[in-house]
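Engineer: Okay, sequence plus prediction incoming.
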There are 2 protein chains.
Amino acid sequence: MSASLAARRQMPCAGACAAGLRQLGSLISTELDRSLRRQGFSSAAFGVLQVLHESGGSAAPHEISDRLAVSRATVTGLLDGLERRRLVRRARHPDDRRMRRVEMTGRARVLLAEMLPEHNRALGRIFAGLGAPEQQQLRTLLNRLQAHLRPVRPGLMASRR
Amino acid sequence: MSASLAARRQMPCAGACAAGLRQLGSLISTELDRSLRRQGFSSAAFGVLQVLHESGGSAAPHEISDRLAVSRATVTGLLDGLERRRLVRRARHPDDRRMRRVEMTGRARVLLAEMLPEHNRALGRIFAGLGAPEQQQLRTLLNRLQAHLRPVRPGLMASRR
DNA sequence: CCCAAATCATTAGGTTCCAAACTATGGTCC
DNA sequence: GGACCATAGTTTGGAACCTAATGATTTGGG
C-alpha cells in the first residue's frame, strides 16, 4: 500500500486520490453488502428502497435510475427481484401511460425500519477513523468533486440510439 | 442528487460520505474506462499492469488482489485475459510452489508507456474541480480512512470455510 | 391531422465481479 | 512422520451492471 502510494509521486495527487476513491468506494460497498446480506438484502435493492422512502413511497423507474446512477435496464432487473419478493408494486402512471409508478409495500416499510439501525452501525464502524469535523470536510470535498464531474458527463447513463 | 443528500441529514455525515465515495468511485471508474477502452483496455486490466509496473515488473496474484481491492478469483480472470493477449506471463514462484509470479512482457511495457499520457489527461479532467491543496487534503483523509479500514477487515477478500 | 422525433420501460446478450467450494502446498505440533 | 490448519490459486454459479435493440406512448411541427 505505502509502496503503491510512494510510486505515484510522479503524478502529483490525482492518481493517488483516484486510486483511493475507487478502493474506498469498493471497500465500503462490500462492507455494507456484508451487513445487508445478513438480513437478506443486496445493497442495490436496499438503495431502491431508500430512494422510494425518500420520495415518499413511490417513484418512477427513471428517477430511481438517476439517483442510483445505474441504467434504466438495471433498474428494471432490480424491480423484478423486489416485485417477486412482494416489496414493491408496479402500477401504471395515471397521467403518462409510458411511465410506471413504483410503490413500496407495507412489508418493505417494516423491513427497512428493521434494518436501518444495523445499517447505521455499519456506517459508524466504517467512518470511526474520522472525527465529525473531518467527516464534514470529506463531505465538502466529495460534493465539490461531484458538482464538477456532473457537467463533464451530462447524459451519463441515458440509453441513446 | 442534491435531494438525496439533503434527505440524509438524519444520519450525520457518514451516510452522505459513504454515498459520495461509492458514487465517485463508480463515476471515476467509468470515466477512466472511457479513455482506456479506446485503447482496448478495461480499467481493471490496466490496474493490474500498473501494479506490476510499480512492483518492478512482477508480483504475486494475491498482492494484486490486495492492491486493487478485488477478490483473488477476479484476479485469476483478469490474468487469463492478459495472458491471452501476451501482456503477462505466469511463472512458478521459485521458493513457494503454492504461489505464482506474474511478469509483464515487453509488449505490456510499451503499451503502458503509450497510454499513460492520455490516462493522466483524463485524471486531470476529473480532478480539475479541486485545487492542489484540496487534493492533498482529500488524499490525507482517504489515507486515514484506508488505514482505519484495514484492521477492521483483516482477511478482507480471503475465502473462509 | 399526421408523421417524425423524443421518452419510457423492457428484453437480449455479454462483461465484470464476488462468495463458496475445491486442489495443492506449506508450516506446526505432537 | 502424520494429523491439522493456514495460505495460494482456480473453478463454478449467480448477482449486478452495461449497451443495443424493440415496442408503446407522448409531443410537436408542417
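Structural biologist: Noted; the coordinates are in hand.
Engineer: Just give me how far the longest helix along chain A sits from the chain centre.
Structural biologist: Ranked by residue count and defined by DSSP state H, the top helix of chain A is helix A:14-37. Centre-to-centre, helix A:14-37 and its host chain are 12 Å apart (CA atoms, centre = their mean, to the nearest Å).
Engineer: pLDDT on it, on average?
Structural biologist: Mean pLDDT, helix A:14-37: 82.
Engineer: and that helix, does that touch DNA strand C?
Structural biologist: Yes - using CB under 7 Å from any atom of the strand, we find that helix A:14-37 touches DNA strand C at A:26, A:30, A:33-34. The way it works is simple: take the backbone N, C-alpha and C, and place the C-beta from them, glycine included.
Engineer: repeat for stretch A:42-62
Structural biologist: Yes - contact between stretch A:42-62 and DNA strand C, assessed by CB under 7 Å from any atom of the strand, occurs at A:60-62.
Engineer: Narrow those residues to just the buried residues.
Structural biologist: For the residues of stretch A:42-62 next to DNA strand C, a burial check counting by 16 or more other CB atoms under 10 Å in any protein chain shown picks out A:60-61.
Engineer: which sections of chain A are below the confidence cut-off?
Structural biologist: Applying pLDDT under 70 to chain A picks out residues A:1-12, A:150-161.
Engineer: just so I have it, where are all the helices in it?
Structural biologist: A:2-6, A:14-37, A:43-54, A:61-68, A:72-84, A:106-126, A:132-152.
Engineer: B:E114: which of those helices is closest?
Structural biologist: helix A:14-37 (17.3 Å; CB to CB).
Engineer: give me every residue that touches whichever residue of chain A sits closest to chain B.
Structural biologist: Here chain A gets closest to chain B at one residue, A:G25, 2.2 Å apart by CB to the nearest CB. Neighbouring residues of A:G25 by CB atoms under 8 Å, 6 or more residues apart in numbering or on different chains: B:21-26.
Engineer: one more time with 10 Å, if that's ok
Structural biologist: Contacts for A:G25 (CB atoms under 10 Å, 6 or more residues apart in numbering or on different chains) come out as B:18-29, B:69.
Engineer: just the buried members of those residues?
Structural biologist: Buried members of those, scored by 16+ other CB under 10 Å, are B:18-29, B:69.
Engineer: And those residues, which is closest to DNA strand D?
Structural biologist: When these are ranked by distance to DNA strand D (CB to the nearest atom of the strand), B:S26 comes first, at 7.7 Å.
Engineer: check whether stretch A:48-67 contacts DNA strand D.
Structural biologist: No - counting by CB under 7 Å from any atom of the strand, DNA strand D has no neighbours in stretch A:48-67; the shortest distance is 7.6 Å.
Engineer: Quick check: buried residues in that stretch?
Structural biologist: Going by 16+ other CB under 10 Å, stretch A:48-67 has these buried residues: A:48-53, A:55, A:58-61, A:63-67.
Engineer: go on, stretch A:122-133?
Structural biologist: Residues A:122-123, A:125-127, A:129-130 are the ones in stretch A:122-133 that count as buried (16+ other CB under 10 Å).
Engineer: Contacts (any at all) between chain B and that stretch?
Structural biologist: Yes - counting by CB under 10 Å from any CB of the partner chain, chain B has neighbours in stretch A:122-133: A:122-133.
Engineer: okay, the buried residues of stretch A:122-133 in TSV with distance to A:D80 next?
Structural biologist: Shown next, in TSV, are the buried residues of stretch A:122-133 (distance: CB to CB, whole Å):
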residue	distance to A:D80
A:A122	27
A:L123	28
A:R125	32
A:I126	30
A:F127	33
A:G129	38
A:L130	38
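Engineer: any idea how far the residue of chain A found nearest DNA strand D is from B:S43?
Structural biologist: Nearest to DNA strand D, among the residues of chain A, is A:S42, at 2.7 Å (CB to the nearest atom of the strand). The gap separating A:S42 from B:S43 is 23 Å, by CB to CB, to the nearest Å.
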